[in-house]
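Enquirer: Dropping the sequence and predicted coords here.
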Amino acid sequence: MSKLHAPLAFALCAALLAAPASAQQAPKKKLYCWNEGGRKVCGDALPASATDAARTEFSTKSGLATRQVGRALTEEERAAAAAQAELAGQAQFEEAARRMRERAMAESYATEADLRRAFNERIALLDDTIKAAQLSIGGLRQSLISLLRQAGEAELAGKPVPANLTGTIRTQHSELMRQQAMLVSHHKDRSEIDTELAHALQTYRELKAPKAPAVTPVEGGGT
């Protein structure tokens, strides 16, 4: 029996001795360099006090830098980075939503003229709104000038400015500021609609452009 099992035991020992070198090799060592108290410190082990510090890792075999690790962010920096990422994500979402609206709009019209007509209606409505706001602001300004003149005449005459006149002046001034801010917003909407129309037309033309026919390769064709 021992003669039958000896070759098998010998083979098992040989297989174990011939195991892949990668399984038996120790992990590759690294050299770390970091700043500590204003001076550069290097070592083959990273102390706990330096785990959050910026550092450079070197290969002990080649001496070349293999990795750059930035310092750990503070709580404030992490919060700022998270807020910035959220804003970027929101901007991407809004841009994607705008593109989807433009695509849906472009697909809703049979011709480019229909698309332009729909935008022209919106443009005309905005133009009318701007004109009405300008007229209202002009009327408010004239009324306020008249009220201020009355208050000035009373002061020049050595009389107190009536309380109701002072209140009306304040109310008129607040309303003038409000309508002027609205007019700025209307002008902004008016300028943006031109850009929106340009994007919608571009999307419409891309969707309606004829597709190039697929080319079928011709087999054979020997001379």
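Expert: Happy to help now that I have it. Numbers count the residues shown, from 1 in each chain.
Enquirer: any idea how far the residue nearest to the spatial centre of the chain is from residue 97?
Expert: Nearest to the geometric centre of the chain sits residue 88, at 2.8 Å (Cα atoms, centre = their mean). According to Cβ to Cβ, to the nearest Å, residue 88 stands 15 Å off from residue 97. Placement of C-beta: from N, CA and C, glycine included.
Enquirer: tally of neighbours for residue 200?
Expert: 22 (other Cβ atoms under 10 Å).
Enquirer: Show me how far the helix or strand that contains it is from its chain's centre.
Expert: For residue 200, the enclosing helix or strand under DSSP states H and E is helix 163-208. Distance of helix 163-208 from the chain centroid (Cα atoms, centre = their mean, to the nearest Å) equals 25 Å.
Enquirer: For it, name the packing helices and strands.
Expert: helix 75-107, helix 112-156 (3 or more Cβ pairs under 8 Å, 6 or more residues apart in numbering; DSSP states H and E).
Enquirer: how many other residues sit next to residue 55?
Expert: When neighbours are counted by other Cβ under 10 Å, residue 55 registers 19.
Enquirer: which one's the longest strand in this protein?
Expert: strand 30-36 (DSSP state E).
Enquirer: Partner strands of the next helix or strand after that strand, with direction?
Expert: Downstream of strand 30-36, the next assigned helix or strand under DSSP H and E is strand 39-43. Next to strand 39-43 in the sheet, as set by DSSP bridges, lie strand 30-36 (antiparallel).
Enquirer: contacts for the partner strand?
Expert: 40-46, 49-50, 53-60, 66 (Cβ atoms under 8 Å, 6 or more residues apart in numbering).
Enquirer: for stretch 67-78, same thing?
Expert: If you take Cβ under 8 Å, 6+ apart as the criterion, stretch 67-78 is touched by 51-57, 81.
Enquirer: do that again at 10 Å, thanks
Expert: Residues from elsewhere that reach stretch 67-78, judged by Cβ atoms under 10 Å, 6 or more residues apart in numbering: 30, 32, 34-35, 46, 50-59, 79-81.
Enquirer: Start and end of it, how far apart?
Expert: Stretch 67-78 has an end-to-end distance of 22 Å (criterion: Cα to Cα, to the nearest Å).
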